[in-house]
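Colleague: Sequence plus predicted model, see below.
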Amino acid sequence: MTGKVFVTDGRSLAALAIVRSLGRKGLEIHCGEDFRQNLTFYSKYAKKKIKYSPPKKQPEIFIKDMLSSAIKTNYDLIIPVRDDTTLLLSKHKDEFEEYTQLFLADYETIKMLMDKGETIRLARKYKIATPETYFPEDTAPNRIKKEVNYPVLIRPRISSGARGIIYVESIEGFEKAYSAVCNEYGVPIIQEYVSHKGGHYSIGALFDENSRPIAVHVYRELKQYPINGGPAVTAISVKKEKWVEDMLDMLQKIHWIGPAHMDVLHDPNSGTYKLLEVNPRFWMSLNLSICSGLDFPYFLYKMAMAETIGEMSEFKIGMKYRWVLPNEILWLTQTPDKIRGLKEFLNFWEEDTCYGVLSLEDPSPAIGVLLQSAAFLLDAEKRSSIFKRGWHDEPKEK
C-alpha cells in the first residue's frame, strides 16, 4: 500500500467530500478534472491536481492518461465520482487491475442502472413500487398520450440533475413535449407525476464484494435547486425504515458492489414509497452522510485494501445539511416565499448542521466555487448543463 488515492471529477461536491474524508485520515490524495478552476483543487487535502482529457469528448485519451498515471504513481485506489468517469473506468477495469484497485460493479450493471427505463423495469421485476411508467417501445406514443392520467413527466432515460424532464399538464401538450425530449435525448419514458409534498428521500449505500450493504444512510431532501427537481440544497438525516431494506434488496439481487444512491418519493395519495432512479456512484450530499457518522469514502478505501468491515448500522438522526454556495443562494431566487427563505438562509447558528462546501478547517474550496462558477458561465457547454437542470413545463406554441 502506498497510501495514495486518485479521485476524479474535482468539480463535484461528492469529490470534495471524498478528498476531505480520506485526506483527514492521512492518505495522500490526488484529484483530477478536465479544467483547473474547480472547487476541489482548492482543498488543502488535494495534494496533487491533475488536469486530464475530457472523459465524455475524448474517452480513449482519458483512459490512456489514467492508466499511465496509475502505472507511474501506483495508487492504492482510484475513485470515479460522476457518471462519465464511473462508466468509462468500469468498462476498462481489467486494464487497471495490475496497477491499482477500482472498487466498482461490472460495466453492464452500471450501464443498466444509468438508464432510468431499465431501472424501472428492474424495480418492477423485484416488486419495488415506482411511479406508473410507460415505454414507447411497448406502447405507441399516440396511445400513451390517451391512456395516461395527467399531469405526467416525460423523462430522458439517461441524464442527471433532472435535466431534460418536461412536465406535461394535458393531452394537448404531450406531442410537442415528447418530440422535444426525443430530439435531444432519444426515446424517453413517460411517468406519472408524483407530488413532492409526501417527501423526497435519498438512500446512500455502500456494498461489499459479496453485495452486502455494509453502510446505509437515509436522508430527506428539504430543498432542491432547481426548485422543481435537482440535487438537494438542504437535507436532514432520518430513521431507516422497512421500505429502505426492500429497496436495497433489489441491488443485492443484481450483485451490486460499491456505492449507490437511490432516489425515492413518498406518494401522499397512496402512502407508498416509490423508487425514481438509482445513481450507481457516490451522491452529491455525501458530506451529510459522513457528518452523520458514516464515513463512506474511508469504508470504501478499507474494503479496497481487503480489510474486513463490519456492518455500520447507526448514524445520527437529525443531522442537517446545507449547500450554501451557490445552490442555496440560487434556490432563494426561485422560492415564492422570499422572506421565509431569507430567514432560513441567514441562520448559520443552528446546531447539528454541516455544509457541502463551507468549512473553517478547509476554507479555500469556497473560493474554488466562485472560480468554478465563473468558468462555467464563460463556457457555453458547461453553462448549458447548469441551466438545463430541473424539469420544465411543456413547450409553448410560438
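Modeller: Arrived safely. In this text the structure is predicted, and so the values were computed from the model without any measurement. Residues are numbered from 1 along each chain as shown.

Colleague: alpha carbons only for contacts and neighbour counts from here, please
Modeller: Fine.

Colleague: And the strand ranked longest in the chain, what does it pack against?
Modeller: When the chain is parsed with DSSP state E, its longest strand is strand 213-224. Helices and strands touching strand 213-224, by 3 or more C-alpha pairs under 8 Å, 6 or more residues apart in numbering; DSSP states H and E, are strand 200-207, strand 232-237.

Colleague: Generate JSON lines for these, with distance to residue 107 as supplementary columns.
Modeller: Below are the helices and strands packed on strand 213-224 laid out as JSON lines (distance: least, C-alpha to C-alpha, whole Å):
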{"stretch": "strand 200-207", "distance to residue 107": "16"}
{"stretch": "strand 232-237", "distance to residue 107": "27"}
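
Colleague: would JSON lines of those with mean pLDDT and mean neighbour count be doable?
Modeller: Below are the helices and strands packed on strand 213-224 laid out as JSON lines (pLDDT from 0 to 100; neighbours: other C-alpha atoms under 10 Å):
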{"stretch": "strand 200-207", "mean pLDDT": "98", "mean neighbour count": "24"}
{"stretch": "strand 232-237", "mean pLDDT": "97", "mean neighbour count": "25"}
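
Colleague: Of all these, which one comes closest to residue 302?
Modeller: Of all the helices and strands packed on strand 213-224, it is strand 200-207 that lies closest to residue 302, at 12.1 Å by C-alpha to C-alpha.

Colleague: Counting by contacts, list what that closest one packs against.
Modeller: Using 3+ C-alpha pairs under 8 Å, 6+ apart: strand 200-207 touches strand 213-224, strand 258-266.

Colleague: Now render these as JSON lines, adding mean neighbour count.
Modeller: Output for these, formatted as JSON lines (neighbours: other C-alpha atoms under 10 Å):
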{"stretch": "strand 213-224", "mean neighbour count": "22"}
{"stretch": "strand 258-266", "mean neighbour count": "22"}
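
Colleague: Which one, of the ones you listed, ends up nearest to residue 357?
Modeller: strand 213-224 (16.1 Å).

Colleague: Can you check what angle separates the closest one from strand 258-266?
Modeller: Using axes from the mean of the first three to the mean of the last three C-alpha atoms, to 10 degrees, the direction of strand 213-224 lies 50 degrees away from that of strand 258-266.

Colleague: Please export the C-alpha coordinates of strand 213-224 as PDB.
Modeller: Backbone C-alpha positions of strand 213-224 (Å, rounded to 0.1, in the frame of the first residue of the first chain) are rendered in PDB as follows:
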ATOM      1  CA  PRO A 213     -24.800  -3.400   2.300                       C
ATOM      2  CA  ILE A 214     -22.200  -2.500   5.000                       C
ATOM      3  CA  ALA A 215     -23.300   1.100   5.500                       C
ATOM      4  CA  VAL A 216     -26.700   2.700   4.700                       C
ATOM      5  CA  HIS A 217     -27.700   6.300   5.200                       C
ATOM      6  CA  VAL A 218     -31.200   7.800   4.700                       C
ATOM      7  CA  TYR A 219     -32.000  11.500   4.400                       C
ATOM      8  CA  ARG A 220     -34.900  13.600   3.400                       C
ATOM      9  CA  GLU A 221     -34.300  16.400   0.900                       C
ATOM     10  CA  LEU A 222     -35.900  19.600   2.200                       C
ATOM     11  CA  LYS A 223     -35.000  22.000  -0.600                       C
ATOM     12  CA  GLN A 224     -33.700  21.400  -4.100                       C
END
